[in-house]
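>>> just a sequence and a predicted model for now, questions to come.
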Amino acid sequence: MYCISFFFRAGLLLLLLVHKYVDDTTLSEVLQPNSSNSNINDFMENLLNWADQNHMQLNTAKTKEMILGPLSRSHLPILSTPLGPIDRVSSFKLLGAYMETTLCWSLHVDNMIQKATKRLYYLKQLKRAGLPSNHLFHYYSTVIRPVLEYCVPAWHYALTKGQTEQLEAIQKRAIHIILNFSSGMPYILMLSAANLTTLSSRRQEISKTIFSPYYQTNFMLAPPPPRTKRTLSH
């Protein structure tokens with residue numbers, strides 16, 4: 001997978017107060033393994049022409065290129081434009097999810113844990129302020145847990161055992177904060193006392209909800225041919 005992220009700054013027509021802004025545009029191309037035949041430059045040229053016709057300009061400082069999959073180990077030429085070269089990166093934040101050339105999700109998981117850990121501080125402050133446990137659990141389920149479940153169908157399948165335990169540890173800490181008597185209890189009993197389920201089981205159900213409309217038990221998809229995808233984003 002070959003990714004480039006494009007960001008545009010608004011253009012202004014003479015005599016007319018016209019402002020245009022484009023955000024999060026992605027171009028992608030699928031390449032066969034070991035293939036050097038690419039049309040990504042043509043895609044980018046078309047995009048640049050469209051931007052020029054609509055009185056916009058590519059912001060190369062915020063434009064990134066990322067190669068995903070086996071091609072990340074190859075030596076594809078660096079992309080460049082009349083406005084400057086395109087930086088090639090090994091990781092990139094796209095719509096709130098951190099993607100990596102290796103197709104692992106370590107950076108995304110680490111970011112989620114860091115963000116959720118900071119919000120546990122506010123849970124402690126609410127506990128000290130005397131909020132009842134039902135309000136505290138509401139805060140956890142609406143403010144902290146969603147951070148740990150953002151974009152779940154994209155990365156749930158790729159979690160390691162260690163990453164799964166790291167995510168569950170955040171929920172354990174939240175229960176400890178809310179229920180003082182839960183200290184030292186086995187996790188399964190803590191979940192029962194809090195009327196919660198494991199984050200792992202929730203991720204599984206969320207993924208099933210998303211993909212079940214496209215799945216039939218009496219229909220099996222043939223395995224796809226090996227290929228590499230090339231993508232442009234802004």
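Thanks, I have it.

>>> tell me who's in contact with residue 204.
When contacts are counted by C-beta atoms under 8 Å, 6 or more residues apart in numbering, residue 204 is found next to residue 156. Where C-beta positions appear, they are placed from N, C-alpha and C, glycine not excepted.

>>> can we see that at 10 Å?
Residues in contact with residue 204 (C-beta atoms under 10 Å, 6 or more residues apart in numbering) are 152, 156-157, 197-198.

>>> how many residues are close by residue 49?
The tally of other residues near residue 49 (other C-beta atoms under 10 Å) stands at 10.

>>> go on, residue 87?
With other C-beta under 10 Å as criterion, residue 87 counts 17.

>>> thought it was touching residue 60?
Yes: counting by C-beta atoms under 10 Å, residue 60 is a contact partner of residue 87 at 8.3 Å.

>>> what's the local residue count around residue 167?
Neighbour count of residue 167, defined by other C-beta under 10 Å: 20.

>>> my guess is it contacts residue 149. True?
Yes: with contacts counted by C-beta under 10 Å, residue 167 reaches residue 149, the gap being 9.2 Å.

>>> pLDDT check: weakest of the contacts of residue 204?
Among those, residue 157 carries the weakest pLDDT, at 88.

>>> excluding its backbone neighbours, what's nearest that one?
Excluding its sequence neighbours, the residue lying closest to residue 157 (C-beta to C-beta, 6 or more residues apart in numbering) is residue 207, at 7.7 Å.

>>> so where is the protein shaky, pLDDT-wise?
Low-confidence segments of the chain (pLDDT under 70): 1-24, 33-36, 70-74, 214-234.

>>> same thing but at 90, please
Applying pLDDT under 90 to the chain picks out residues 1-104, 154, 157-158, 183-184, 207-234.

>>> just the strands in it please.
According to DSSP state E, the chain carries its strands in the segments 2-6, 8-9, 25-31, 57-58, 64-67, 80-81, 84-85, 87-88, 91-94, 97-100, 228-233.

>>> longest helix in the protein, by residue count?
Counting residues, the longest helix in the chain under DSSP state H turns out to be helix 106-128.

>>> could you list the buried residues of it?
Residues of helix 106-128 classed as buried by neighbour count (16 or more other C-beta atoms under 10 Å): 106-109, 111-113, 116, 119-120, 123, 126-127.

>>> now those in a markdown table, with distance to residue 32?
Shown next, in a markdown table, are those (distance: C-beta to C-beta, whole Å):
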| residue | distance to residue 32 |
| --- | --- |
| 106 | 28 |
| 107 | 28 |
| 108 | 28 |
| 109 | 31 |
| 111 | 33 |
| 112 | 34 |
| 113 | 37 |
| 116 | 40 |
| 119 | 44 |
| 120 | 47 |
| 123 | 50 |
| 126 | 54 |
| 127 | 56 |
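
>>> fine, thanks again, bye for now.
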